[in-house]
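Q: Okay, structure incoming, though there's no sequence with it:
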Ligand SMILES: Cc1cc2nc3c(=O)[nH]c(=O)nc-3n(C[C@H](O)[C@H](O)[C@H](O)COP(=O)(O)O)c2cc1C
Ligand SMILES: C=C(O[C@@H]1CC(C(=O)O)=C[C@@H](OP(=O)(O)O)[C@H]1O)C(=O)O
């Protein structure tokens, strides 16, 4: 069951991009919680496709229908099941891709794995569309974590193509800053970069091409002492969810790959007593995690999204029936830069992971 994840809180994502519906079953969510449905619908809108020329032109409302797990707007403790009906499918765009697979997408490997029975339309279950139910689960968890533990999760576009934003300050990210970013269509720390970003993404699109990008995410208020060695550590819980998101090709915590060129004396986070008399560290190169367990400092990580594989430019591929190389021109509706829609998806993955860790640490009836 590749689409089920979790220990205390289990999520199971179902559906295909051009099937009737997509959705999620969430098992283990605490009873007695009244979610803020306006907040959840705002989060769904942050991810939804078809909102500008910088996204795929497929138009979906992404309105979740609540099928179970709520009574009078309050969670009952029973499994929560939500469905999002697909509305705007152009399945003709995908004819022929079984024989002539798209470079960089799942057409070829999906067939290998499922002996040709996979639904290839719109990428089927491999589609980025399956992040809509993940965002629902994430929004529910984010709301719970905020209300019951004052845990805040937010992110910004750290890089789009060749344009780099400022990084978060690793020792002093603030809840208000993260909440402000959640309200932005293109969340940036240096907002003056927005026109350049729009121009770069649009020119990639005009050149029938696509761009990659990096999302930097921060979790604050998670507290200290959460997580367990070795395989239930905070990094692996967050990363295992994020690697389930299509187009994610790398994640780094704290200084990440830049640790390689540093000396221990430069990057050991020295302990100190903070203003509130809590133990903290003077720096936060480890991104708030030591030994897989939270230190109490902000948790920080970056996630890289590859450039959208479906580009309109003519590409080489193989006709897997004839064994002959062919040219492929993709005529469909695709994101010129997945990273632009990804911040809310990254935050959702972080929220589900933190909720699972939180229930593990504090018990099922916590909150
Ligand atoms: C929010 C989101 C939107 C995406 N939009 C597209 C798209 O429009 N066209 C496309 O080819 N891939 C898109 N992708 C990425 C593909 O689904 C992904 O590259 C493909 O399933 C292969 O998986 P992999 O890149 O993880 O190897 C999107 C991914 C996400 C998360
Ligand atoms: C529908 C969404 O994005 C889709 C993700 C996607 C892919 O290959 O991942 C390919 C496109 O699908 P279609 O050809 O059906 O328009 C995107 O539009 C969504 O994010 O909700």
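A: Yes, it's here. What you see is a predicted model, and the numbers here were worked out from it, not measured in a lab. Ligands and ions are numbered 1, 2, ... in the order given.

Q: all contacts plus neighbour counts: C-alpha atoms, from now on.
A: Will do.

Q: sec struct for the residue of the chain most remote from its centre, please.
A: Using CA atoms, centre = their mean, the residue of the chain lying farthest from its centre is residue 322. It sits 38.0 Å away. What DSSP: H, G, I helix; E, B strand; the rest coil gives for residue 322 is coil.

Q: Report the buried residues of the helix or strand containing residue 357.
A: Assigning secondary structure by DSSP states H and E places residue 357 in helix 343-362. Neighbour counts over helix 343-362 (16 or more other CA atoms under 10 Å) mark 343-360 as buried.

Q: cool, and stretch 186-202?
A: Neighbour count says stretch 186-202 has 186-189, 197, 200-202 buried, by 16+ other CA under 10 Å.

Q: cool, stretch 168-187 as well?
A: So stretch 168-187, judged by 16+ other CA under 10 Å, has buried residues 168, 170-171, 173-175, 178, 181-182, 186-187.

Q: taking the residues you listed one by one, which sit in helices?
A: 175, 178, 181-182 (DSSP state H).

Q: nearest to ligand 1, of those residues?
A: Closest approach to ligand 1 among these (CA to the nearest ligand atom): residue 182, at 16.2 Å.

Q: list the contacts for that closest one?
A: 154-155, 344 (CA atoms under 8 Å, 6 or more residues apart in numbering).

Q: same thing with residue 189?
A: 156, 165-168.

Q: go on, residue 82?
A: Residue 82 touches 23-25, 64-68, 133, counting by CA under 8 Å, 6+ apart.

Q: Go ahead and confirm residue 69 touches residue 77.
A: Yes - the pair residue 69 / residue 77 is scored as a contact, 6.4 Å apart, by CA atoms under 8 Å.

Q: how far away is residue 352 from ligand 2?
A: Plainly put, residue 352 is 19 Å away from ligand 2 if you go by CA to the nearest ligand atom, to the nearest Å.

Q: The residue nearest to that residue when sequence neighbours are not counted - how many residues pack around it?
A: Nearest non-adjacent residue to residue 352, counting by CA to CA, 6 or more residues apart in numbering: residue 138, 5.3 Å away. Neighbour count of residue 138, defined by other CA atoms under 10 Å: 28.

Q: Same question for the one 10 residues further on.
A: For residue 148, the number of neighbouring residues by other CA under 10 Å comes to 11.

Q: Can you give me every residue that contacts the nearest residue to residue 305 once chain neighbours are set aside?
A: Closest residue in space to residue 305, ignoring its immediate chain neighbours: residue 248 at 4.7 Å, by CA to CA, 6+ apart. Residues near residue 248 by CA under 8 Å, 6+ apart: 242, 303-306.

Q: Could you point out which of those is nearest to residue 15?
A: residue 242 (18.7 Å; CA to CA).

Q: show me where this protein has helices.
A: Using DSSP H, the helices found in the chain span residues 37-47, 107-114, 131-149, 175-182, 194-206, 234-242, 264-267, 343-362.

Q: who in the stretch 251-367 of the chain is up against ligand 1?
A: Within the stretch 251-367 of the chain, the positions lying close to ligand 1 (CA under 6 Å from any ligand atom) are 308-310, 334-335, 338, 341-342.

Q: now, the most widely separated pair of these?
A: 310 and 342 (16.8 Å).

Q: neighbour-wise, which of these two wins?
A: Between residue 310 and residue 342, counted using other CA under 10 Å, the more crowded position is residue 342 (27 against 22).
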